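**Q** What follows is a predicted protein model with its sequence.
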Amino acid sequence: MKRTVAILITLIMLLSAAACSAAKTQNTESSLPLDVVQMIDLATEKTPEEISAGYEDGSSTDLYARLGAPSHYQKELVSEAGFLKVHADADVVLPEKTIPMASLIQDSFTIEDAKKYAKVLFDPADKFVDLDAHREMTKGYWQLMLDQYQYAIDNWDTVGQGMFLQYDTVAEVRNAMKDIQKKKDQAPDSLPAYTPAEEWTYGEGEFYNEETGKVESFTPEFYNLYTTKDDAHFSQLNTYGNDILFFRDGMVHGTTSPWETDVSGKLNITKEQAYEVALKAIDELGLEGFSCTLQQGMVSDHREWYAWNFLFEREVNGIPTTPVFHTGDSDGRELLRIVVDDQGIVSLQHRRMRLLETLTEDAALLPFEEIRDVFETMITVVDNQTEAPAWNKPGMPKLEKEYYIQEIRLGLKPVFEYGSIGEVIRYYLVPAWDFLGYDTARVNDGELETDKTNPMTSFLTINAVDGTVIESH
């Protein structure tokens, strides 16, 4: 039997970031962009034998020799107005294999998939509760909310105001606490245990159809599971399209910063031990074809709560996808993120794609000198905030920035094909060069300060097949 329920506001918030990529496809007929067709033609125009024949040793796997790439690159560059300086002193890192090119498509989860994830991620001692049906929380839950609000008041000048942006003053927070106290007084002590039904939950949604120019409705399918150990902390597993999101005690921790955090002395579990926890879950879920591309400490914006963050990316023929280091996000591509603290897995997000076709195992690539020329021409032009009109109006402060490029890496990056509502329906993993490092900035004559980037932010990504800029910092 099917049922239709209103989606909890908390669930909507948790899934909002995933909705663009995981929404059910409406009118998804879309022709392959011409630039992608041309790129595929360029990448596959020569066979590996034809490529290797052009080199003295007859081998196409030594990419340094094949591409004429140095092991190290140095260059000093300055923008036209002199407000942006680029210091490149970088190792050039190439795979020991040829670079493939592949296409992937969305692969929606089934209820059976959700049950498998639930078995691995939920504590078997917890009881299942039906939050969608009851649409009410317990006294214990509302007490946790009161504790969070009080923590915000006690730390208002540091993290407190950022926890609840809808409030401008401590007085407003105190008034909100009065409403929460009323909800707590009226709430039940506990929710009854139940056995989850194997059926989809149907919600209501709208999207803008670019083909018709109209806002149209659609019916998203969800499969939501909730458990609790104490009728205060509620864990949840939300399945929607090709996204699965798990949160242990997910209504408590708040959001976490994407920037690397020093967790020394904050956790009992080491990064190596936490990594083994993540790998064990991947093995139990039966997931293959991933490599870990990001390991970092992280902290919640709600209070001093720390964890280890692991990002796993799709690999093709042993070549991993280069992650978006400055956000740790996946920009619509396949994603597997696992966060671990002293109690185990805190959260897991899996946006699933299926490998559709390996277009070539050995893409034809431009020589390094052509990529170098693109970098030296574009790095001071693309996304140059220092010389943007907004910073150069009369009376505006002067912004200066410096980029420090520490590594140049050849790997795979996604090029997306979108459906009519802007969702990613297919993407191509293409060979690309990333120029990685960090930056500093100062306003007027102030001191240079490290900008809010991880040590290995990608400042420019260049398509290794045709030399076009895929993305910039």
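**A** Thanks, I have the structure now.
**Q** Wait, a helix at Lys115?
**A** Yes: when classified by DSSP: H, G, I helix; E, B strand; the rest coil, Lys115 is found to be part of a helix.
**Q** Any idea how many residues pack against it?
**A** Residues within reach of Lys115, counting by other CB atoms under 10 Å, total 16. Placement of C-beta: from N, CA and C, glycine included.
**Q** Distance of it relative to Leu237?
**A** 9 Å (CB to CB, to the nearest Å).
**Q** where in the stretch 101-250 of the chain is pLDDT low?
**A** Within the stretch 101-250 of the chain, the segments meeting pLDDT under 70 span 210, 250.
**Q** Now do the strands in it.
**A** 101-106, 127-129, 201-202, 205-209, 214-218, 221-228, 234-240, 243-247 (DSSP state E, counting those that start in this stretch).
**Q** which helices and strands sit right next to the third one?
**A** I take that to be strand 201-202. Contact analysis of strand 201-202 by 3 or more CB pairs under 8 Å, 6 or more residues apart in numbering; DSSP states H and E lists strand 3-4, strand 221-228 as its packing neighbours.
**Q** Quick one: closest of the ones you listed to Thr380.
**A** strand 221-228 (46.8 Å; CB to CB).
**Q** quick check: angle from the closest one to strand 243-247?
**A** Relative orientation of strand 221-228 versus strand 243-247 (axes from the mean of the first three to the mean of the last three CA atoms, to 10 degrees): 10 degrees.
**Q** which one of the helices and strands packed on strand 201-202 is the most hemmed in?
**A** strand 221-228 (a mean of 21; mean count of other CB atoms under 10 Å).
**Q** Run through who's touching that strand.
**A** With contact meaning CB atoms under 8 Å, 6 or more residues apart in numbering, strand 221-228 is reached by 7, 11, 24, 109, 111, 114, 118, 122-123, 126-132, 191, 196, 200-203, 234-241.
**Q** how many neighbours does the nearest residue to Asn268 once chain neighbours are set aside have?
**A** Closest residue in space to Asn268, ignoring its immediate chain neighbours: Asp342 at 5.0 Å, by CB to CB, 6 or more residues apart in numbering. Residues near Asp342, counting by other CB under 10 Å, number 14.
**Q** Likewise for the one 10 residues further on?
**A** Neighbours of Arg352 under the rule other CB under 10 Å: 20.
**Q** do the same with Ser108
**A** The burial count for Ser108: 16, using other CB under 10 Å.
**Q** That one touches Ile244, doesn't it?
**A** No: with contact defined as CB atoms under 8 Å, Ser108 does not count as touching Ile244 (10.3 Å).
**Q** shared neighbours of the two, which are they?
**A** Arg352.
**Q** export the helices and strands packed on strand 201-202 to CSV and tack on distance to Ser264?
**A** Listed next are the helices and strands packed on strand 201-202 as CSV, based on distance: least, CB to CB, whole Å:
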stretch, distance to Ser264
strand 3-4, 49
strand 221-228, 32
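**Q** And those strands: which comes nearest Gly82?
**A** Per CB to CB, nearest to Gly82 of these: strand 221-228, 53.6 Å.
**Q** can you pull the buried residues of stretch 157-175?
**A** 159-161, 163-164, 167, 173 (16 or more other CB atoms under 10 Å).
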